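Chemist: Predicted structure and sequence below. I'll ask about it afterward.
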Amino acid sequence: MFKFVDVIVKQNKMSTIEFNEALIGIENNLHSFAMSFTRNNEDAKDLTQETMLKAITYRSYYAPQTNFKAWVFTIMRNIFINQYRRKVKSGTIFDHSQDLYLLNSSGDSLNSPLQSISVKEISTHINNLDGEYREPFEMHFKGYKYKEIADHLGIPIGTVKSRIFIARKKLMDLLPEYNYSLN
């Protein structure tokens, strides 16, 4: 049995109605994917909505007979990465609460004893990784792109991706209490 999205992909051209129906058909999948990024239901809804809007806006860039779901998921991933980078660069926290609670209390939670212990524990495990995994992981964590890491270390991009993946996997195994699960 074929899903609607599968039928559309086999056609040469998608009408606006078909495109919109295919997009609505994967909305729940998009929300789940957004949750894996944001870990917050409201932010996930916002990310899903922005992704759908951007997909509709750039509908003409979709190449028929390609994987529609992957195309939309890539849009979502790119939106999230760009938003994250903007937030990190600006260092801005928007507080929409009535009493500005977040602005008044944000400094307290950043320097809590529990947070200090967590940072030390994670840092210790990162420092204990083999150098071949630690260095690409740390560079990626600091915001370097795969190409920049590859050029700096003089290794292929595929090796960089593999080493970062292995480092993440090792850290997840060593720090199971920090793993996040949707289940």
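Modeler: All right, it came through fine.

Chemist: quick one: Asn28 from Pro136, how far?
Modeler: According to C-beta to C-beta, to the nearest Å, Asn28 stands 35 Å off from Pro136. For the C-beta atoms, the positions are set from N, CA and C on the backbone; glycine is no exception.

Chemist: of the two, who's got more company?
Modeler: Counted by other C-beta atoms under 10 Å, Asn28 and Pro136 do not tie: Pro136 has more neighbours, with 27 against 10.

Chemist: Please give me every residue in contact with the more buried one.
Modeler: Shown in contact with Pro136 (C-beta atoms under 8 Å, 6 or more residues apart in numbering): 149, 153, 160, 163-164, 167.

Chemist: which of those sit farthest apart?
Modeler: Taking C-beta to C-beta as the measure, the contacts of Pro136 span a maximum distance of 13.3 Å, between Leu153 and Ala167.

Chemist: Between these two, which is the more surrounded one?
Modeler: More crowded of Leu153 and Ala167, by other C-beta under 10 Å: Ala167, with 22 against 15.

Chemist: show me the contacts for the more buried one.
Modeler: Going by C-beta under 8 Å, 6+ apart, Ala167 touches 129, 133-134, 136-137.

Chemist: element containing it?
Modeler: Using DSSP states H and E, Ala167 sits in helix 157-174.

Chemist: Show me how far that helix is from its chain's centre.
Modeler: Relative to its chain's centre, helix 157-174 lies at 16 Å (C-alpha atoms, centre = their mean, to the nearest Å).

Chemist: Now do the buried residues in it.
Modeler: 160, 163-164, 166-167, 170-171 (16 or more other C-beta atoms under 10 Å).

Chemist: Tabulate the CA atom coordinates of stretch 13-22 in CSV.
Modeler: Coordinates of each C-alpha in stretch 13-22 appear next as CSV, following Å, rounded to 0.1, in the frame of the first residue of the first chain:
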residue,chain,number,x,y,z
LYS,A,13,5.3,17.7,-11.1
MET,A,14,3.4,18.5,-7.9
SER,A,15,0.5,20.8,-7.8
THR,A,16,0.1,23.2,-5.0
ILE,A,17,-2.7,21.2,-3.5
GLU,A,18,-0.6,18.0,-3.7
PHE,A,19,2.4,19.7,-2.2
ASN,A,20,0.4,21.1,0.7
GLU,A,21,-1.3,17.7,1.4
ALA,A,22,2.0,16.0,1.4
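
Chemist: Now do the helices in this structure.
Modeler: 4-10, 16-25, 27-38, 41-57, 68-90, 101-110, 113-127, 131-141, 146-153, 157-174 (DSSP state H).

Chemist: Pro156 - nearest residue in space that isn't next to it in sequence?
Modeler: The shortest distance from Pro156 to any non-neighbouring residue, by C-beta to C-beta, 6 or more residues apart in numbering, is to Ala150 (6.2 Å).

Chemist: ditto for Ile26
Modeler: Lys69 (5.5 Å).
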